[in-house]
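>>> coordinates only, sequence not included:
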């Protein structure tokens, strides 16, 4: 990744894509608040640079501090933020805990969404740098890319992820979009054996048809790694698979993040009936 001038944030340029008209006050990141008996979430789309900075701060805490990613950010970036050249072109989805008085509190989850129009403006998808996506060309006009997804470690199962997906489903329907793609990362702290074993397992059960297959530009050397470990998909990947997601091909190796990245695609038409009722109501 190359150093680039500090970007601006042209949110007003996304006039074709309608966002929920909900606002949320930026909240400084801190230690997790005491959770009430029933956890409630506030879901909103970033409306200004301050909201985006919150998202980038959470991403830094997860990717750099927890997972040990070697982040390269644009020159002039504030410290302890994960920032790249795609951020100004993306919509940023935020999930916060609700305080007792109903106002939004601590940010505990985020996604960024790159729409087809803005992918054209910036010259492609983030995933184009990791995979040859030639076979997905017929889908691009109605395809969004999900990226930089992360959830606070205390909220990685259940409500937070469902809240994110509910907002994404609403966004997709409102803007006549039908396909989501993205890279699901698996840590390589063990040298890559878990990632290789997970790919070996998923290629037998969730591999996409040949017309949607993609190839990694820097492939994880799976033939040199163990592929027989009894592994469970991480919660986020497991959730995607339950929603009908397909694995598009073998994992790429991302040396900066020290992860193996599995290319996934999820189409609204493939959602099981119970998820359609939940996310597309």
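Nice, I can see it. Note that this is a predicted model, so its numbers are computed, not measured. Numbers count the residues shown, from 1 in each chain.
>>> just the helices in the chain please.
Along the chain, the segments classed as helices by DSSP state H run 49-60, 116-122, 159-174, 193-205, 235-242, 273-279.
>>> Nearest to residue 89, out of these?
Nearest to residue 89 among the helices of the chain is helix 116-122 (4.3 Å), distances taken as CB to CB. For the C-beta atoms, the positions are set from N, CA and C on the backbone; glycine is no exception.
>>> in the closest one, what's buried?
Judged by neighbour count (16 or more other CB atoms under 10 Å), helix 116-122 contains these buried residues: 116, 118-119.
>>> And stretch 167-179, by the same measure?
Applying a neighbour-count criterion of 16+ other CB under 10 Å, one finds 167-172, 175, 177, 179 buried in stretch 167-179.
>>> want to try CSV for these, with distance to residue 201 and pLDDT as columns?
Below are the buried residues of stretch 167-179 laid out as CSV (distance: CB to CB, whole Å; pLDDT from 0 to 100):
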residue, distance to residue 201, pLDDT
167, 30, 89
168, 26, 90
169, 27, 89
170, 32, 91
171, 31, 93
172, 28, 93
175, 34, 94
177, 30, 96
179, 24, 97
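>>> quick one: which of the residues you listed is nearest to residue 72?
Lowest distance from residue 72 to the buried residues of stretch 167-179 (CB to CB) belongs to residue 168, with 27.7 Å.
>>> can you pull the contacts of that closest one?
Shown in contact with residue 168 (CB atoms under 8 Å, 6 or more residues apart in numbering): 93, 111, 113, 146, 180, 279.
>>> okay, the fifth one: pLDDT?
pLDDT for residue 180: 96.
>>> what are the bridge partners for the nearest residue to residue 139 once chain neighbours are set aside, then?
With sequence-adjacent residues excluded and distances taken as CB to CB, 6 or more residues apart in numbering, residue 139 is closest to residue 179, at 5.1 Å. Beta bridges link residue 179 to residue 143, residue 267 when assigned by DSSP bridges.
>>> distance of residue 179 from residue 117?
15 Å (CB to CB, to the nearest Å).
>>> now swap in residue 195 and tell me
Taken as CB to CB, the span from residue 195 to residue 117 is 33 Å.
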